[in-house]
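Participant: Sequence first, then the predicted structure, then my questions.
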Amino acid sequence: MEQTELQWADYLVFGLSLVFTAGVGLFLSLYKRKNSSTEELLLASRSMHFLPVCLSLLASLLNASMILGAPSDVYFFGTAALPMAIAFNFVGPVAALVIVPTFYNMKLTCAYEYLEKRYNYAVRIVGSIIFGVSLLLFLAVVLYGPSLAFSQVTSLSLPVAVGVTGGICTIYTMLGGIKAVIWTDTIQMIIMIIGLIVLAGVGTNKVGGFGTVYQIAKDYDRVSF
């Protein structure tokens, strides 16, 4: 029977990635200890280069639930979700060229500060509460996905896997602030891109090429627009 549990080499790579992730937060915490202002913690003193910031935003969008869930969704229901992916190509430029520059020029800390400036403090509070509740629900799903996958290939129970995954994220965010989050997301995004390209390439090659993949998907009614 095919082996599905992690081996020592897998544990080594996974462990090193966790140590490195926590180390980024620790390093930035020690490096920036003399400049531990609120602006540095939350906004990295507005000094980050656009490329790591973009990769960090992309990593937030392509979270574990998306990486694990999107392929499963396409496998079971076909390519019906493709229009949503196409829509991102139109939404992204609008956000980058219109919304983000507006917030940046206003020197805002968050989007809800804009609500107060545009309307009043009560609207800001309502918006913050709605976003906070929705974010809690979203993070629960995002944290559950990788923790479930982790528990399936190790001897750890699901609650322990959730604790380890959430704990590591909390540590490097708490120690290093937004700068640690951005750099960690950047590195993880590069790893995800390389991994997805290699996975798609190897998988496509094993079944006989892209034409075979498309034909199999078409034969089993997985191609729908």
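Facilitator: Structure's in. What do you need?
Participant: Next, the distance between the ends of stretch 147-157.
Facilitator: 9 Å (CA to CA, to the nearest Å).
Participant: Need the contact partners of it.
Facilitator: Here stretch 147-157 makes contact (CB atoms under 8 Å, 6 or more residues apart in numbering) with 4-6, 10, 64, 68, 158, 160-162, 164-165. In this view, the C-beta of every residue, glycine as well, is placed from N, C-alpha and C.
Participant: for whichever strand or helix holds Gly163, what is the average pLDDT?
Facilitator: Using DSSP states H and E, Gly163 maps to helix 158-207. Helix 158-207 comes out with an average pLDDT of 84.
Participant: what sits up against the helix or strand following it?
Facilitator: Using DSSP H and E, the helix or strand that directly follows helix 158-207 along the chain is helix 210-219. Here helix 210-219 makes contact (CB under 8 Å, 6+ apart) with 78-79, 204, 207, 223.
Participant: So how do I select the buried members of those residues in ChimeraX?
Facilitator: Paste this into ChimeraX to select the buried members of the contacts of helix 210-219, with burial taken from 16 or more other CB atoms under 10 Å:
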select :78,223
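Participant: so where is the protein shaky, pLDDT-wise?
Facilitator: In the predicted model of the chain, residues 1-5, 22, 25, 29-36, 225 satisfy pLDDT under 70.
Participant: Helices of that one, residue ranges please.
Facilitator: 8-31, 38-43, 50-61, 64-77, 82-94, 100-105, 111-118, 121-152, 158-207, 210-219 (DSSP state H).
Participant: returning to that earlier point: what subset of the contacts of stretch 147-157 is buried?
Facilitator: By 16+ other CB under 10 Å, those give 64, 161-162, 164-165 as buried.
Participant: show me the contacts for Ile178.
Facilitator: Contacts of Ile178 by CB under 8 Å, 6+ apart are 41-44.
Participant: Name the nearest of those residues relative to Cys54.
Facilitator: Within the contacts of Ile178, the smallest distance to Cys54 is 14.1 Å, found for Ala44 (CB to CB).
Participant: Apart from its chain neighbours, what residue comes closest to the closest one?
Facilitator: Excluding the flanking residues, the one nearest Ala44 by CB to CB, 6 or more residues apart in numbering is Lys179, at 4.3 Å.
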